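> sharing a model prediction with you, sequence too.
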Amino acid sequence: MILGTAGHVDHGKTALVKALTGVDTDRLAEEKRRGITIDLGFAPLDLGPAGVLGVVDVPGHEAFVRNMLAGATGVDLVLLVIAADEGVMPQTREHLAILDILGVKGGVIALTKCDLVDDDWLALVREDVRSLVGGTPLDGAPMVATSVVSGRGLDALRAALADAVQAMPARDAADVFRLPIDRAFSVRGTGTVVTGTVWSGRVTREAAVRILPSGAAARVRNIESHGAAVEAALPGTRAAIALAGVGVHELGRGSVLVAGDAWTASTMLLADVALLPDAPRAVGPRTSVRFHLGTAEVGARIVAQGGALAPGGRKAARVVLDAPVVARAGDRFVLRSASPLATIGGGVVADPAPAQRRARPWTAEASTPAARLAQVLQHAGPLGVATATLPVRVGAHPGQVASIVASISDARRVGDVLYADAVVQSLEQRFASLVDAHHAAFPLDPGAPLQSVRAQTTTNAGLADLIVATLVREQRVDVSGGLVMRHGWTPTLDQRAQTTLDSIAHALEEADREPPSVDELEQRFGPDTVSVLKVLERQGRVVQVAPDRYFAASALDRLEAVLRSAMSDRREWSPSELREVLGVSRKYLIPLLEYTDRTGLTQRRATGRVLGSRTPAGPRVSTSGEGIRLS
Ligand SMILES: Nc1nc2c(ncn2[C@@H]2O[C@H](COP(=O)(O)OP(=O)(O)OP(=O)(O)O)[C@@H](O)[C@H]2O)c(=O)[nH]1
Ligand SMILES: [Mg+2]
């Protein structure tokens, strides 16, 4: 578990950590010279049966609040430090506001430097502090009077911390792994080392990991926790991780070490954003603010639903970031203004990687992972959402995701992708309308080409499969021979079409082995010709031998019989011999032989053809564009 300090500059945070742990966390030369903390310091605090706390000591100076934020963001518990002689000061308030925004669950208050004040004064400070923390995560927190000079209160403080630790729920190691990096350096003989607090999940030696937002892949070479080598970095602990395959220049504070496919970095997220009541001014869509999440800090703009966000207000918003950030639904973030330099508010991430850039924001804080899932699916539309990303997208443990998916009735799954039911239904509707439109436009056609209706409905093949399967199962459409038609549809032949049909069938039978082309038929029989030919083809009375030519089935049967008997000698027949035996001109011969090659009746060789392997009753192949069709 992680304990973070908080409090105004010089109030004795580092001195108290040293008194408790024996570690001086001010390690920089400049910190020693100036007597203040500048960057984060780390030390283990052994609380005996309550376990070892990872302490993150933060700077109190107003110029280093950004460093405080990087340290405060992953803590379970806070140690709020207030010097008894000075009492509540500006960064006492600012740090407390930050802890509130970050949703820190609890902690302990230390009144330090008690050797410098008398008991009456101390009682007044206690009262001040009590009223300050009312309504914050430290409301009702134990308050311990301490002095590192006299040693007063140190044991009581340890005991209070041990109680607070035992009241905190442990983090789940079965979650997806994330460690926001707070330091990265290179160690001779070891290579690149990163440190940070494990926010969720665990990682073991030799695990494959990624650094985001860069996307660089790396391998965990070694892990240390509080200076000792360990096999796994566990959630809620400090870890130093040696990485193979990545250079120190590729990462730094703000980068995130992750494992698994769920994580991405995004330059936009949806969130529930609130401004502090004492924020200096409203935040409009063009106001630039500093966005702090984990150890990352980037410039951002807040596009709130229905206009600017006023001090004290809270709205659903789109957060547009200057650089990609790794976030998870439910993450807390802090907003600061650059001038004046101040903490102005913060929020909760609703969707860390929305699918559409113009996605409408929604309010997230009150919503459950199941409600977020419904929203995410709605926003994703026909793109759907990969189930592997759901732990991050909706902010639930992988183990919970399956039951959340099962609990919502309005989603459909295709492979590893989930779609909103409403989205699939509207695509089904679209598919059915396209079929109807085809029937209306071509009443003589047996159906619409399936491929084309699929392509006009969605470019997602898996989704198209689902739609066709559903519509067929629900008996709304039929699929046959590469065509799709309304269930029970039969081409309607009115008197005129029936006459045309009879005439064309007759004409093709008459023409026998040298039938007219489609164009010629159209000139003679009018605009219904093409549709009528398809009806005849479906009835098995004609066969499309070439794109522009149909034969009467009876004529084709005779031609094939001639070929079969003539070529039964199994030798190779030249084109001119075949023309002779079939009695057709070259114009008919070539398409005919190409057709019999396709159906397997003949086989083309270097200088002629031999009889193929097709059985006499084998399938006929249509050339009308939908592949093999059984006649
Ligand atoms: N008399 C007395 N002095 C103290 C006590 N605790 C800290 N100090 C002194 O207060 C000064 C500041 O202490 P630090 O621990 O550096 O304060 P800090 O809160 O860490 O300061 P920043 O990290 O810069 O915000 C030092 O000179 C300490 O020696 C105490 O209990 N009694
Ligand atoms: Mg300090």
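Sure, I can see it. Ligands and ions are numbered 1, 2, ... in the order given.

> thought Leu132 was touching Glu94?
No - using CB atoms under 8 Å, Leu132 is not in contact with Glu94; the gap is 12.0 Å. Heads up, the C-betas are built off the backbone N, CA and C, glycines and all.

> got the CA positions of the longest strand along the chain in CSV?
Counting by DSSP state E, the longest strand found in the chain is strand 314-326. Output of strand 314-326 as CSV, limited to C-alpha atoms (Å, rounded to 0.1, in the frame of the first residue of the first chain):
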residue,chain,number,x,y,z
ARG,A,314,-19.7,20.1,-13.0
LYS,A,315,-20.4,18.9,-16.5
ALA,A,316,-19.9,16.1,-19.0
ALA,A,317,-17.1,17.1,-21.4
ARG,A,318,-14.7,16.2,-24.1
VAL,A,319,-11.1,16.6,-23.0
VAL,A,320,-8.9,17.4,-26.0
LEU,A,321,-5.2,16.8,-25.2
ASP,A,322,-2.0,18.3,-26.7
ALA,A,323,-0.3,14.9,-26.4
PRO,A,324,-1.6,11.3,-26.0
VAL,A,325,-2.3,10.1,-22.5
VAL,A,326,-3.0,6.7,-21.1
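
> same for that strand, what does it pack against?
Other helices and strands packing on strand 314-326, by 3 or more CB pairs under 8 Å, 6 or more residues apart in numbering; DSSP states H and E, are strand 265-275, strand 289-293, strand 296-304, strand 342-351.

> average model confidence for stretch 40-51?
Computed over stretch 40-51, the mean pLDDT rounds to 93.

> any buried residues in it, and which?
Across stretch 40-51, burial judged by 16 or more other CB atoms under 10 Å covers 40-45, 47, 50.

> in strands, which of the residues you listed appear?
Of these, the ones assigned to strands by DSSP E are 41-45.

> what is the nearest of the residues you listed to ligand 1?
Closest to ligand 1 out of those is Gly41 (8.5 Å), distances taken as CB to the nearest ligand atom.

> how much space is there between the closest one and Leu251?
Look at Gly41 and Leu251: by CB to CB, to the nearest Å, they are 21 Å apart.

> which one is Gly384 nearest to, not counting chain neighbours?
Val417 (4.0 Å; CB to CB, 6 or more residues apart in numbering).

> sketch out the low-pLDDT regions of the stretch 301-450 of the chain for me.
Within the stretch 301-450 of the chain, the segments meeting pLDDT under 70 span 356-366.

> make it 90
304-307, 316, 338-341, 350, 353-385, 387, 398-417, 420-423, 440-446 (pLDDT under 90).

> so which residues on the protein come close to ligand 1?
With CB under 6 Å from any ligand atom as the criterion, the chain comes near ligand 1 at residues 7, 9-15, 35-37, 59-61, 81, 112-113, 115-116, 147-149.

> ok, back up a step: would you reformat the buried residues of stretch 40-51 as TSV and include distance to Gly227?
Formatted as TSV, the buried residues of stretch 40-51 follow (distance: CB to CB, whole Å):
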residue	distance to Gly227
Leu40	16
Gly41	14
Phe42	10
Ala43	10
Pro44	8
Leu45	13
Leu47	17
Ala50	20
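
> filter these by proximity to ligand 2?
The subset of the buried residues of stretch 40-51 lying close to ligand 2, counting by CB under 5 Å from the ion, is empty.

> spatially central residue in this protein, please.
Closest to where the C-alpha atoms of the chain average out (CA atoms, centre = their mean) is Thr389, at 4.7 Å.

> could I get the full set of strands for the stretch 501-631 of the chain?
Taking DSSP state E, counting those that start in this stretch as the criterion, the stretch 501-631 of the chain contains strands spanning 542-546, 549-552, 602-604, 609-611.

> right, and the helix or strand after the host helix or strand of Ile82?
Element membership of Ile82, judged by DSSP states H and E, is strand 77-83. Remark: after strand 77-83, the chain's next helix or strand is helix 90-102, criterion DSSP H and E.

> and the angle from that next one to strand 289-293?
If you take axes from the mean of the first three to the mean of the last three CA atoms, to 10 degrees, helix 90-102 sits at 60 degrees to strand 289-293.

> buried residues in helix 90-102?
Going by 16+ other CB under 10 Å, helix 90-102 has these buried residues: 91-92, 94-102.

> ditto for stretch 544-561
544-546, 549-553, 555-556, 559-560.

> swap in stretch 61-69?
Result for stretch 61-69 [16+ other CB under 10 Å]: buried residues 61, 64-69.

> dump it to CSV, restricted to CA.
Extracted in CSV, the C-alpha atoms of stretch 61-69 (Å, rounded to 0.1, in the frame of the first residue of the first chain):
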residue,chain,number,x,y,z
HIS,A,61,6.5,24.5,-2.3
GLU,A,62,3.9,26.1,-4.6
ALA,A,63,6.3,26.0,-7.5
PHE,A,64,6.4,22.2,-7.4
VAL,A,65,2.8,21.3,-7.1
ARG,A,66,3.1,19.4,-10.4
ASN,A,67,5.7,17.1,-8.8
MET,A,68,3.3,16.7,-5.8
LEU,A,69,0.6,15.7,-8.3
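
> is ligand 2 within reach of that stretch?
No - using CB under 5 Å from the ion, stretch 61-69 never reaches ligand 2; the gap is at least 8.8 Å.

> contacts for that stretch, please.
Residues outside stretch 61-69 that contact it (CB atoms under 8 Å, 6 or more residues apart in numbering): 6, 9, 36-40, 58-60, 90-91, 94-95, 98, 290, 292, 297, 334, 336, 341, 343.

> Pro446 should be in a strand, yeah?
No - going by DSSP: H, G, I helix; E, B strand; the rest coil, the assignment for Pro446 is coil, not a strand.

> list the residues that contact it.
Pro446 makes contact with 483, 485, 489, 491, 534-535, 538, according to CB under 8 Å, 6+ apart.

> any idea how far Arg549 is from it?
Look at Pro446 and Arg549: by CB to CB, they are 20 Å apart.

> one more: Asp597?
Distance, Asp597 to Arg549, by CB to CB: 16 Å.

> who touches stretch 576-585?
Contact with stretch 576-585 is made by 513-514, 559, 562-563, 566, 573, 586, 589, 592-593, 608-609, as judged by CB under 8 Å, 6+ apart.

> what residues does Arg571 make contact with?
Val610.

> equivalent analysis for Leu335, please.
Leu335 sits next to 273, 275, 283, 289-292, 300, 302, 343-347 when contact means CB under 8 Å, 6+ apart.

> how about 6 Å then?
Contact analysis of Leu335 by CB atoms under 6 Å, 6 or more residues apart in numbering lists 289, 344-346.

> how about low-confidence regions in the stretch 101-250 of the chain?
Flagging of the stretch 101-250 of the chain using pLDDT under 90 yields the residue ranges 105, 167-174, 187-191, 226-227, 247-250.

> what about the longest helix in this protein?
Under DSSP state H, the helix in the chain containing the largest number of residues is helix 421-441.

> and the contacts of the next helix-or-strand element following that helix?
Where DSSP H and E defines the elements, the next helix or strand beyond helix 421-441 is strand 448-449. Residues from elsewhere that reach strand 448-449, judged by CB under 6 Å, 6+ apart: 435, 438, 484.

> any residues touching stretch 429-437, and which ones?
Stretch 429-437 has contacts (CB under 6 Å, 6+ apart) with 448, 453, 456-457, 467, 476-477, 484, 486.

> now, of those, which are buried?
448, 453, 457, 467, 477, 484, 486.

> so which of those residues are in helices?
Short answer: these in helices (DSSP H) are 453, 457, 467.

> before we move on, back to that, so for the longest helix of the chain, what gets flagged as buried?
Buried residues in helix 421-441, counting neighbours by 16+ other CB under 10 Å, are found at 423-424, 427-428, 431-432, 434-435, 438-439.

> contact residues of this protein facing ligand 2?
13-14, 37.

> top of those by number of neighbours, please.
Taking other CB atoms under 10 Å to define a neighbour, the member of the residues of the chain next to ligand 2 with the most is Lys13, carrying 28 neighbours.

> quick check, nearest of the buried residues of helix 421-441 to ligand 1?
For the buried residues of helix 421-441, the nearest to ligand 1 is Val423 (52.9 Å; CB to the nearest ligand atom).
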